[in-house]
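*Asks:* Next one to model:
(chains A, B, C and D, ligands or ions: 4)
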Amino acid sequence: MAETHTAEHDTHHAALAHHFENLEQQREAGTLAMWIFLVTEIMFFGGLFLAYTLYRSTYPAAFAAASNHLDLTLGAVNTVILICSSFTMAMAVYCTQVGKRRGMIISLVLTIILGLGFLGIKAVEYHEKYVDKLIPGHLLPWNPFGPDLEKWDLPAGVSERQIELFYWIYFALTGLHALHMIIGAGVLLVILYLGIKGRFSPEYHNPVEVTGLYWHFVDIVWIFLFPLLYLLGRHVGGH
Amino acid sequence: MPEVKPKAMLQSQWIPFIPESASTFSDKVDALYFYLTGVTVFFTLLISGALIYFVLKYKRRSPFEIPRPIAGSIKLETLWSVIPFLIAISIFAWGADIYFEQYRPPQNAVEVYVVGKQWMWKIQHTTGQREINELHVPVGRKIKLIMTSEDVIHNFFVPAFRMKADVLPGRYTTQWFEATKPGRYHLFCAEYCGMNHSGMIGSVVVLEPTDFDSWLSGTAGEQTPAAAGRQHYESLGCASCHGAEGEGGRGPALVGLFGREVLLASGQRVTADEGYIRESILNPTAKVSAGFQPIMPTFFGQVNEEQLMQIVAFIKSLQIGTTAGTTTETPAAATPSPAPATQTPVQETGTR
Amino acid sequence: MSEHIVPVRVYVVIFFALMVGTVITVVAAYQDFPGALNVVIAMAIAVAKATLVVLYFMHVRYSAPLVWVIVASGLFWLAILFALTFSDYMSRHWLPI
Amino acid sequence: MHPESFQPPTPTRVNYLNAEYGLKSWLLTKDHKRIGMLYLGSISFFFLLGGIYAMLIRLELLTPQGDLMTSTTYNKVFTQHGIIMIFFFLIPSIPATLGNFLVPLMIGAKDLAFPRINLLSWYIFMAGGLITIYALLAGGVDTGWTFYTPFSTTFSNSYVVATGLGIFINGFSSILTGLNFIVTIHTMRAPGMTWFRLPLFIWSHYATSLIMILGTPVIAITVLLLAFERVSGIGIFDPAVGGDPVLFQHLFWFYSHPAVYIMILPGMGVVSELIANFSRKNIFGYTFVAFSSLAIAVFGFLVWGHHMFVSGQSLYAGMIFSFLSFAVAIPSAIKVFNWTATLYKGSISYDTPMLYALGFIGLFTIGGMTGLFLATLAVDVHVHDTYFVVAHFHYIMVGGALLAYLGGLHYWWPKISGRMYPEGWGRFSALVIFVGFHLTFFPQFIAGYLGMPRRYHAYPPEFQVFNVLSSAGASILGVGLLIPVIYLVWSMRYGKFAVGNPWHLPGLEWRTSSPPPTENFVETPVVTWEAYEFAPLEEMEVVGVLGDRSQDESATPISGD
Ligand code: HEA
Ligand code: HEA
Ligand code: CUA
Ligand SMILES: [Cu+2]
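*Replies:* Ligands and ions are numbered 1, 2, ... in the order given. The predicted structure is shown next:
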């Protein structure tokens, strides 16, 4: 428990906030908070995953067909990119822990670049969908949804509306995920800046750590999104 | 009905705390309600009694007195968690029992189709009579309501019958009742549905069987739902696969389908109820019946709720050895005839 | 409880494990397994990958019990959401409406 | 670095209120006590707003035919009443004001773990509030506070998206508060303040925070999806594309049932404090009361389907949810019985806070027991969406949560403001509220069982008698609530000065001066006593628990006169 440790040496560390007893307690609080926050994130995405599961089981054929129309290569590449970024992030934390400043900065920069790369590719994908008129919303005055399903060799009994439903969920899920990526990248930039200014040391590096936790979480979300969205219908043929 | 003072209050002048009891459920629900009230009164008196007694008895005498601390007692704790729990279980079991009865329609119930829309109730009898915001039923006949909505969620609520069920867009819900007392009873929409929610009210008129018969004959019975359904069935081209009389073809035979166990391609079995038929038409690939290719197109968005109900009514009328829906008079044989009410309903031929 | 420093070697191993996992999912997705097996396999792999990330990249393996509890409760509550919601959807057709 | 023994606080004239002056010193403060006050101000405003709406409802319902306002207006009025009261008053009420103020004080910490986040949460709250108010001014929202689809997504033409956004944003403030509390309680307890020495107020806030962080994200995503759906014209709740409206209800109630425990648990914490302290007894069965809070928090997540017994949900699911609803009643039962038992052989004073606490127990019992009516499948089929439900939740939320909030406010008022409230007026208004409350809401039980549906702008004449009673009661209730509003404000300027420990209590928050200094304690206290351990008063005098006499001529006990 907090009150038990009183590490005298760091009580006057510059980064110690006035209301904490010592850095140890401060670090414990920071990590704890991030984990709790990640739990809220689980529940946040959870609602959407629930909807996905439900409708996928209700409209299997439609979802398979619609999913097969996603760009698998781009999806796979993005998966690889995110895993790499997770790795570099882990390295960034490691470097700060052992006090390798350059290593930390390089890995942070790489992480950010990879993150932006991911977003770039996502943008390309979204554009493709836009071109194929796959943006849900057939009731809107400018009707963005109207794929020519002739090209699709749809199984009978699949209604266009359910294709639209899939894409609605696709955009909701990937959109929220992308939003988290953007926030993550922003935070990483701040961390990078502070890192360059030499704020972090083996004694004090909690911000890097917790940012890492967040980044890994966003990666995990994608680890699930990829098979659920891109791969679910491949075995029933399609492109 | 403003001018006709509802009997609800008049007759329950004795106990103005419960509404008119006019269905086979009413008394059961009320009995449970009284049990709950008893438990509540007991515990409320127990607690508040103890509070008042202690507060008076142990009033602070001197500002400096410190009573002796009491840690607590496992015995008491278990006592007052186990006893309430047992009581709770008893209530739960009793409630669940009635609940299942309330929502499991009996075999031989007469069906009535209800479509809710902002802000009216559209009702059609299997014999073709249509009503708006009014439902005429005879005493002592089991009535099953098959309900759906054209827009938002509504709720078909008749306090005197202690029955209520949401009416949802995009699917069927059912409930049933058996009226026990002639009279005119409130029909409320009990799910908030927008501007005129409080105006979406009407009444259920319960008549003596003879009066009901004369009401039936008095009201112009138009085409029966089943007959109308047959027309949609033809115009939509169902016949091309299921055969003119539903004898089957590229698609499975629909004769005798209703109420049958259907073996699905996935291997599981489902009973073909209204919900299943509806789903087969709107989302055929969801449950593909075994031995057939999923070639059936979806009719999602091509039929409105009313037509759909009529198609369902038609398919239900396709029982072995009957050609139903052909004439406007003969009611759908799948369900017992509501007319004449003086006779006992025909036992249904289906295998439910 | 001063923190435990994970050697680089571990990170590298995990990294490659994740890559392999990704490849397997894609390959497996094209095989047509009986029944719902495709989903099961895909999810199994995803869960495995996620677990690796959580345990090693996120240091949970070396963290205080409290962190384990938090992670567990997160998953548990997600399970509640799914289980009870589907208790409705899965039993809807048990009774003819 | 920790003192071996507890040092009495040296008298301080500087306290958190007069440490700094000026608007800036408040708007940029990181002091949990000041942030608590910011919240107090804002939620009082929202309460008054919600109350005005309530009065409009009661006025309209005086007569059967909807003559005061159009049905659309009425729909907006009750919707906004519900939204304001739930999301902007009751959910933040106790945690964000008293909780913010007291959690650090009670565990002997200098502040919450994340003061900046704490301030941020208030700004987020205000942002959400302002957006919602904008929605109300722009034209209001008429979906009912439950936002059921497809009405809210497709058919309502009111400001649903704006309101949804307001609630979405507001959600984060409650998440941040919960997060802050949990981390604080885990990491910042003073030396010697072990888990089982924590005041029950802390336990209940811990439980509340759990619900806040586990439930709130789900309502957030749900209203977000709702907004998307409204904007894009289609969505997952829309039958027109094969969506299921009932899914929305599942997601909504997954949060909104646990949310009702967010509303009551802090109140239960307050009542535990009041009952123990005003009868000078340690709470009967401390561990049971403490763990029942956690039990409620966990079980609370397993019962949401009891709002959907007639919604087309499967009967079997209905049975599960009904059963679990009965299970969740047990921890509440345990609390009620333990509170009652605590009074046994106590030394009970009749101060205003105690009156509120006693009222709470009685009304919560009735409200809770009628909850059991609703949890009973067959009965709920009849009373669902009737005034019976309305009566049920007002008994718990007004009779329970609101009274607990008022009780707590009076109890800690000396600590918060450094002044005493007028005791006589306090007791008087407590009684007025109690009477007015019953008159307002009891008739609604009867009207409900007779079948009067809720959210009705006009109703059949036979229900009028109950509505007239209810409206009469509401005006008494309103006046009863007006009185404390007036005298509390009055006392801030003219009230008697309060000593550090006016009630002579052992709790840590009473071992510092009133109002406390910005850093709460001159020295980090070391806790050597159990919760509610009432030392003989002479001894307390020695350790200076009576606090700073120099502030106050009358240090004689106020209580038990
Ligand atoms: C603070 C808020 C709060 C609290 C604490 C509760 C507590 C409970 N509520 Fe309530 N409820 C609401 C707020 C709250 N509710 C609201 C706002 C609605 C309406 C939402 C809407 O539709 O707008 C609602 C609606 C609602 C419904 C849906 C009604 C309907 O729409 O058809 C149900 C159904 O089961 C229910 C049940 C319960 C139960 C079982 C409890 C239990 O937790 C109560 C437990 C307490 C006790 C049981 C009393 C103490 C125990 C004893 C004295 C010992 C004796 C006990 C036994 C014998 C078991 N509530
Ligand atoms: C915290 C929650 C809370 C609180 C405190 C209240 C407080 C009150 N509510 Fe509440 N109410 C809800 C939550 C709450 N309500 C919810 C969630 C609904 C459901 C909405 C929906 O269906 O969507 C609802 C619905 C609801 C209805 C049903 C509407 C309908 O279904 O058609 C009614 C009807 O009587 C009602 C009445 C009251 C009254 C009289 C009070 C009184 O207690 C109010 C007293 C407060 C004041 C009066 C303000 C403070 C005092 C002053 C400002 C002094 C000056 C005022 C005067 C002198 C008049 N409320
Ligand atoms: Cu229809 Cu309310
Ligand atoms: Cu509930």
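*Asks:* Can you give me the neighbour number for the residue in chain C that ligand 1 sits nearest to?
*Replies:* The minimum distance from chain C to ligand 1, using C-beta to the nearest ligand atom, falls at C:L84 (14.5 Å). To be clear about C-beta, it is placed using only N, CA and C from the backbone, and glycine gets the same treatment. As a burial measure, C:L84 scores 20 neighbours (other C-beta atoms under 10 Å in any protein chain shown).
*Asks:* likewise B:P294?
*Replies:* B:P294: 16 neighbours (other C-beta under 10 Å).
*Asks:* Backbone dihedrals for it, please?
*Replies:* When quoted as degrees, to the nearest 10, the phi and psi of B:P294 stand at phi -80, psi 70.
*Asks:* is it true that it touches A:P155?
*Replies:* Yes. Between B:P294 and A:P155 a contact is recorded at 6.3 Å, counting by C-beta atoms under 8 Å.
*Asks:* what are the bridge partners for the closest residue to B:R130 other than its chain neighbours, then?
*Replies:* Spatial nearest neighbour of B:R130, chain neighbours left out: B:Q124 (5.1 Å); criterion: C-beta to C-beta, 6 or more residues apart in numbering or on different chains. With DSSP bridges applied, B:Q124 shows beta-bridge pairing to B:Y113, B:R130.
*Asks:* Would you quantify the distance from B:Q124 to B:G199?
*Replies:* 22 Å (C-beta to C-beta, to the nearest Å).
*Asks:* Which one's more surrounded, those two?
*Replies:* Higher neighbour count among B:Q124 and B:G199: B:Q124, with 23 against 15, using other C-beta under 10 Å.
*Asks:* how about D:H438, secondary structure?
*Replies:* helix (DSSP: H, G, I helix; E, B strand; the rest coil).
*Asks:* tell me the contacts of it?
*Replies:* D:G473 (C-beta atoms under 8 Å, 6 or more residues apart in numbering or on different chains).
*Asks:* Would you quantify the distance from it to D:L469?
*Replies:* As judged by C-beta to C-beta, D:H438 and D:L469 stand 10 Å apart.
*Asks:* residue nearest the centroid of chain C?
*Replies:* C:V47 (2.3 Å; C-alpha atoms, centre = their mean).
*Asks:* and that residue, what helix or strand is that in?
*Replies:* helix C:37-52 (DSSP states H and E).
*Asks:* Quickly note the distance from the residue located most distally from the centre of chain B to D:E423.
*Replies:* Of all residues in chain B, B:F64 has its C-alpha farthest from the mean position, at 65.1 Å, by C-alpha atoms, centre = their mean. Separation of B:F64 from D:E423 (C-beta to C-beta): 19 Å.
*Asks:* try D:F301
*Replies:* Taking C-beta to C-beta, one finds D:F301 at 41 Å from D:E423.
*Asks:* One more: B:L207?
*Replies:* 66 Å.
*Asks:* Comparing these two, which shows the higher neighbour count?
*Replies:* Between B:L207 and D:E423, counted using other C-beta under 10 Å, the more crowded position is B:L207 (20 against 16).
*Asks:* Quick check: beta-bridge partners of the more buried one?
*Replies:* B:P138.
*Asks:* surely it meets B:R141?
*Replies:* No. Assessed by C-beta under 8 Å, B:L207 is found out of contact with B:R141, at 10.3 Å.
*Asks:* which residues are in contact with both of those two?
*Replies:* Common neighbours of B:L207 and B:R141 (criterion: C-beta under 8 Å, 6+ apart): none identified.
*Asks:* could you dump the helix or strand bottoming out on mean pLDDT in chain A to CSV, C-alpha only?
*Replies:* None of the helices or strands of chain A scores lower by mean pLDDT, DSSP states H and E than helix A:60-68, at a mean of 88. Provided in CSV are the C-alpha atoms of helix A:60-68 (Å, rounded to 0.1, in the frame of the first residue of the first chain):
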residue,chain,number,x,y,z
PRO,A,60,-24.4,-13.9,-42.2
ALA,A,61,-24.7,-13.9,-46.0
ALA,A,62,-24.9,-10.2,-46.3
PHE,A,63,-22.1,-9.6,-43.9
ALA,A,64,-19.8,-12.1,-45.7
ALA,A,65,-20.5,-10.5,-49.0
ALA,A,66,-20.0,-7.0,-47.8
SER,A,67,-16.9,-7.9,-45.9
ASN,A,68,-15.3,-9.6,-49.0
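*Asks:* Tell me if that helix is near chain C.
*Replies:* No. Using C-beta under 8 Å from any C-beta of the partner chain, helix A:60-68 stays clear of chain C, with a minimum separation of 9.7 Å.
*Asks:* Give me the helices and strands touching the following helix or strand past that helix, please.
*Replies:* Going down the chain from helix A:60-68, the next helix or strand is helix A:72-98, by DSSP H and E. In terms of contacts (3 or more C-beta pairs under 8 Å, 6 or more residues apart in numbering or on different chains; DSSP states H and E), helix A:72-98 is packed against helix A:101-131, helix A:206-225, helix C:8-30.
*Asks:* so which of the ones you listed gets nearest chain D?
*Replies:* With C-beta to the nearest C-beta as the measure, helix A:206-225 is the member of the helices and strands packed on helix A:72-98 nearest chain D (12.0 Å).
*Asks:* by contact count, what packs against the closest one?
*Replies:* helix A:23-58, helix A:72-98, helix A:101-131, helix A:160-196, helix C:37-52.
*Asks:* coming back round to it: next, the residue farthest from the centre of chain B: secondary structure please.
*Replies:* coil.
*Asks:* Check which helices and strands the helix or strand harbouring D:L265 sits against.
*Replies:* In this structure, D:L265 sits in helix D:245-278 according to DSSP H and E. Applying 3+ C-beta pairs under 8 Å, 6+ apart, we find helix D:245-278 packed against helix A:23-58, helix C:65-91, helix D:91-94, helix D:200-232, helix D:286-299, helix D:315-343, helix D:352-375, helix D:403-417.
*Asks:* Give me the buried stretch members for the fifth one, please.
*Replies:* For helix D:286-299, a neighbour-count test (16 or more other C-beta atoms under 10 Å in any protein chain shown) marks D:286, D:288-290, D:292-299 as buried.
*Asks:* so which pair among those residues is furthest apart in space?
*Replies:* By the measure C-beta to C-beta, D:Y286 and D:F299 form the most distant pair in the buried residues of helix D:286-299, at 20.3 Å.
*Asks:* re the thing from before, mind listing the shared neighbours of B:P294 and A:P155?
*Replies:* Common contact partners of B:P294 and A:P155 (C-beta under 8 Å, 6+ apart): A:61, B:285.
*Asks:* Based on its surroundings, how many neighbours for residue 35?
*Replies:* If you meant another chain, say so; for now it's chain A. So A:W35, with other C-beta under 10 Å, has 23 neighbours.
*Asks:* sorry, should have said chain C
*Replies:* Neighbours of C:G35 (other C-beta under 10 Å): 9.
*Asks:* And the one 5 residues further on, by the same measure?
*Replies:* Per other C-beta under 10 Å, the neighbour tally for C:V40 reads 11.
*Asks:* who's in contact with it?
*Replies:* Contacts of C:V40 (C-beta under 8 Å, 6+ apart): none.
*Asks:* swap the cut-off to 10 Å and go again
*Replies:* C:F33 (C-beta atoms under 10 Å, 6 or more residues apart in numbering or on different chains).
*Asks:* again with the one 3 residues further on
*Replies:* The neighbours of C:M43, taking C-beta under 10 Å, 6+ apart as the test, are A:224, A:227-228, C:25, C:36.
*Asks:* between those residues, which is nearest ligand 3?
*Replies:* Nearest to ligand 3 among the contacts of C:M43, with distances taken as C-beta to the nearest ligand atom, is A:L228, at 37.5 Å.
*Asks:* so the helix holding D:L265 versus helix C:65-91, what angle?
*Replies:* Between the axes of helix D:245-278 and helix C:65-91, defined by axes from the mean of the first three to the mean of the last three C-alpha atoms, to 10 degrees, the angle is 140 degrees.
*Asks:* Checking the residue sitting nearest the centre point of chain B next. Helix, strand or coil?
*Replies:* By C-alpha atoms, centre = their mean, chain B has its centre lying nearest to B:Q175, at 1.4 Å. Here B:Q175 is recorded as strand under three-state DSSP.
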